[in-house]
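Chemist: only geometry, no sequence info:
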């Protein structure tokens, strides 16, 4: 069978895999209905947490985010805003009298403000190109980033060319502004000559820490970014560019030091926490020995910085001093998506997930056992009443004795004495990680009676820099061995049925699916969503997987080292494929171009292979439209059911 389907905007509405008449069964619609958080901030007295919560009335409707308050002293909640648009990223003013937030209520994203006691939210900014992000300076002043208009001469040239443009000229820059809340007076700090992706403002308003790049091109932000510490006139105090892909800038409470995250190995492990000292103009990496994957920096005091990092399959929150000494604030137990802390009350508020909790808001004292954290919200309690699969973390040795860790999602009615059909579900990246958290896809697959196997193969983050870099120049080899060693382990343990194996994945997981079926015939069926099939052609098609990023992964570039790309290209091994393959791809995907699925589809169709290609108009890499995403999952499951009979 060889079919290619082009789906219209209105897609088929049935979803036979998930019986809606049984309210106890977790369905795809459930996975889109449960609430999501988008920003949290704890008040200076530690009594009240502002957070943004997104809710839906219908699974395929719009999700509206509003600002809520959670009171830790009595475990109550208050909904502050009630907009049908989106309000997110709440921030308390320094004195706790106001909450500012970003909102889509206007034509462009602007900053709004509301009293914590309620009332109508007031628009603060009126920027023509909207506001990307903001920070309070004092109780009457905010700093924010707004995009600059593109060069008029370039825009006019494009219009005269009927839309024709020169590659590399379609990006924009941005500028740093401050604004008085009372008077509305604006002050432009930087000239708009570069792009600012993130920033931090000093409490006295006299300096700012900026993450910058030449323009808004994501590739340049990753590869050629620069950290700038500028004064109130926009003049440079200190700069730093001896790392890659900077993020999370923060100025210390006394405004004498600043910190940020960078990469000294590759481009995505975020292994270095740098501290800038304004007085002696030095920059130092203080987490070199800890070797983490750092996210979300916050100053605890003038000598300590907090951060979160995956440690294996859970998230820990830590504090590090200026000499690199690390202390634990929250032991790894949850998967933590975001956090805020109050040094005065020694409390951490965080959005956490476990296998059966999609996401909830928790509060915990520094160093208290995480399992004792107080849950402040119950927005996903109804999910826990479903018949959900449970998780199990396993570890095993790969072919060269490297220890590999994986998360298993077990069916609801799992019996430890039985062997089950196994779905191998490699994560994306390859610099991703499978966490022990609520995973809607894994839950949906477990409804079929499948055990879902998510291995953290070499190249994953969360296991240190050496582990992250271990697949460099070996894509498709060390990760394949790590995955297949896990499959063999589960078969030996009588957990997996060797005769009922299926494989599938998205993005790099799709690449690994294409690679796996080109190197073994153990699998009954395979599904590749937005996966690479030809590493040579993908070099020219992807928005970021080229240049020095590709050079890092493949140890070369195709014009000089084509053999290194072919060495890791599924396309060069497709004559070995014997597994039925379902391909699905968004037609507007800029990360992995849709032609990647076309290439493998044409090749397998020419061989008479059982292959099907489904395309989604208007969809990008994530295929996020609810109806389109539901169709992806429906077809994915139906494909497996067909071959697991």
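Modeler: Perfect, thanks for sending it. Model, not experiment: these values are computed from the prediction. Numbers count the residues shown, from 1 in each chain.
Chemist: for the most centrally placed residue in the chain, which non-adjacent residue is closest in space?
Modeler: Geometric centre of the chain, nearest residue: residue 432, 8.7 Å, by CA atoms, centre = their mean. In space, and not counting its chain neighbours, residue 432 is closest to residue 460: 6.5 Å by CB to CB, 6 or more residues apart in numbering. C-beta: built from backbone N, CA, C; applies to glycine.
Chemist: now residue 302
Modeler: Residue 302 sits nearest to residue 254 (CB to CB, 6+ apart), 4.8 Å away.
Chemist: just checking, the one you found touches residue 301?
Modeler: No: shown here, residue 254 and residue 301 do not form a contact pair, counting by CB atoms under 8 Å, at 9.1 Å.
Chemist: low-confidence bits of the stretch 301-450 of the chain, can you list those?
Modeler: In the predicted model, the stretch 301-450 of the chain carries no residue with pLDDT under 70.
Chemist: picking up where we left off before, surely the residue nearest to the centre of the chain touches residue 457?
Modeler: No: with contact defined as CB under 8 Å, residue 432 does not count as touching residue 457 (10.1 Å).
Chemist: for the residue nearest to residue 465 when sequence neighbours are not counted, give me its contacts.
Modeler: Among residues not flanking residue 465 along the chain, residue 265 sits closest, at 4.4 Å (CB to CB, 6+ apart). By CB atoms under 8 Å, 6 or more residues apart in numbering, the residues touching residue 265 are 271, 465, 468-469.
Chemist: return the subset of these lying in helices.
Modeler: 465, 468-469 (DSSP state H).
Chemist: turn the contacts of residue 265 into a markdown table, columns for distance to residue 60, pLDDT and neighbour count.
Modeler: Formatted as a markdown table, the contacts of residue 265 follow (distance: CB to CB, whole Å; pLDDT from 0 to 100; neighbours: other CB atoms under 10 Å):
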| residue | distance to residue 60 | pLDDT | neighbour count |
| --- | --- | --- | --- |
| 271 | 40 | 94 | 25 |
| 465 | 42 | 94 | 19 |
| 468 | 38 | 95 | 26 |
| 469 | 42 | 96 | 16 |
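Chemist: ok, so of the residues you listed, who is nearest residue 313?
Modeler: Lowest distance from residue 313 to these (CB to CB) belongs to residue 468, with 15.4 Å.
Chemist: do I have it right that the closest one meets residue 457?
Modeler: No: counting by CB under 8 Å, residue 468 stays clear of residue 457, with 11.0 Å between them.
Chemist: which is the succeeding secondary structure element to the helix or strand residue 561 falls within?
Modeler: Using DSSP states H and E, residue 561 falls within helix 558-567. Following helix 558-567 in sequence order, the next helix or strand is strand 581-586 (DSSP H and E).
Chemist: what packs against the next helix or strand along the chain from that following strand?
Modeler: Where DSSP H and E defines the elements, the next helix or strand beyond strand 581-586 is helix 595-606. Helices and strands touching helix 595-606, by 3 or more CB pairs under 8 Å, 6 or more residues apart in numbering; DSSP states H and E, are strand 2-6, helix 535-541, strand 581-586, strand 611-616.
Chemist: ok, now with 10 Å
Modeler: Applying 3 or more CB pairs under 10 Å, 6 or more residues apart in numbering; DSSP states H and E, one finds that helix 595-606 contacts strand 2-6, helix 508-517, strand 525-529, helix 535-541, strand 581-586, strand 611-616.
Chemist: and it, what's buried?
Modeler: Residues 595-605 are the ones in helix 595-606 that count as buried (16 or more other CB atoms under 10 Å).
Chemist: closest to residue 205 among those?
Modeler: residue 596 (48.7 Å).
Chemist: wait, the closest one touches residue 590, no?
Modeler: No: using CB atoms under 10 Å, residue 596 makes no contact with residue 590, being 11.9 Å away.
Chemist: hey, where'd the strands end up in the stretch 401-550 of the chain?
Modeler: For the stretch 401-550 of the chain, the strands defined by DSSP state E, counting those that start in this stretch cover 403-410, 420-424, 451-456, 496-506, 525-529.
Chemist: contacts only, for residue 456.
Modeler: 310, 312-313, 395, 404-407, 426-427, 432-435, 462-463, 467, 482, 486 (CB atoms under 10 Å, 6 or more residues apart in numbering).
Chemist: give the bridge partners for it, please.
Modeler: Counting by DSSP bridges, residue 456 is bridged to residue 405.
Chemist: ok, it to residue 442 distance?
Modeler: Distance, residue 456 to residue 442, by CB to CB, to the nearest Å: 14 Å.
Chemist: before we move on, back to that, enumerate the positions of the helix holding residue 561 that are buried.
Modeler: 558, 561, 564-565, 567.
Chemist: pipe those into TSV and attach distance to residue 350 and pLDDT per row.
Modeler: Below are the buried residues of helix 558-567 laid out as TSV (distance: CB to CB, whole Å; pLDDT from 0 to 100):
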residue	distance to residue 350	pLDDT
558	44	96
561	44	96
564	42	97
565	41	96
567	43	96
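Chemist: list just the nearest of these to residue 378.
Modeler: Closest to residue 378, out of all of the buried residues of helix 558-567 and judged by CB to CB, is residue 565, at 50.3 Å.
Chemist: thought residue 540 was touching the closest one, still the case?
Modeler: No: Residue 565 lies out of contact with residue 540 (CB under 10 Å); the separation is 11.1 Å.
Chemist: need the residues touching each of the two.
Modeler: Both residue 565 and residue 540 are contacted by residue 558, under the criterion CB under 10 Å, 6+ apart.
Chemist: overlap in contacts, residue 432 and residue 457.
Modeler: residue 426.
Chemist: relative to residue 37, how far out is the residue lying farthest from the centre of the chain?
Modeler: Most distant residue from the mean C-alpha position of the chain: residue 160, 39.1 Å away (CA atoms, centre = their mean). Separation of residue 160 from residue 37 (CB to CB) stands at 46 Å.
Chemist: then residue 271?
Modeler: 27 Å.
Chemist: roughly how far does residue 432 sit from residue 479?
Modeler: 11 Å.
Chemist: show me the common contact partners of these two, please.
Modeler: 426, 459-460, 508.
Chemist: name the nearest of those relative to residue 48.
Modeler: residue 460 (37.4 Å).
Chemist: residues touching residue 198, list them.
Modeler: Contacts of residue 198 (CB under 10 Å, 6+ apart): 132-133, 145, 209-212, 221, 227, 246-250, 260.
Chemist: show me the two of those residues that sit farthest apart.
Modeler: Going by CB to CB, the pair spanning the contacts of residue 198 furthest: 221 and 250, at 18.4 Å.
Chemist: isn't residue 439 right up against residue 453?
Modeler: No: contact between residue 439 and residue 453 fails when scored by CB under 10 Å: they sit 12.0 Å apart.
Chemist: any residues in contact with both of those two?
Modeler: 407, 409, 425.
Chemist: want to throw those residues into CSV with neighbour count and distance to residue 349?
Modeler: Shown next, in CSV, are these (neighbours: other CB atoms under 10 Å; distance: CB to CB, whole Å):
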residue, neighbour count, distance to residue 349
407, 25, 26
409, 28, 28
425, 27, 31
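Chemist: low-confidence stretches in the protein?
Modeler: 1-22.
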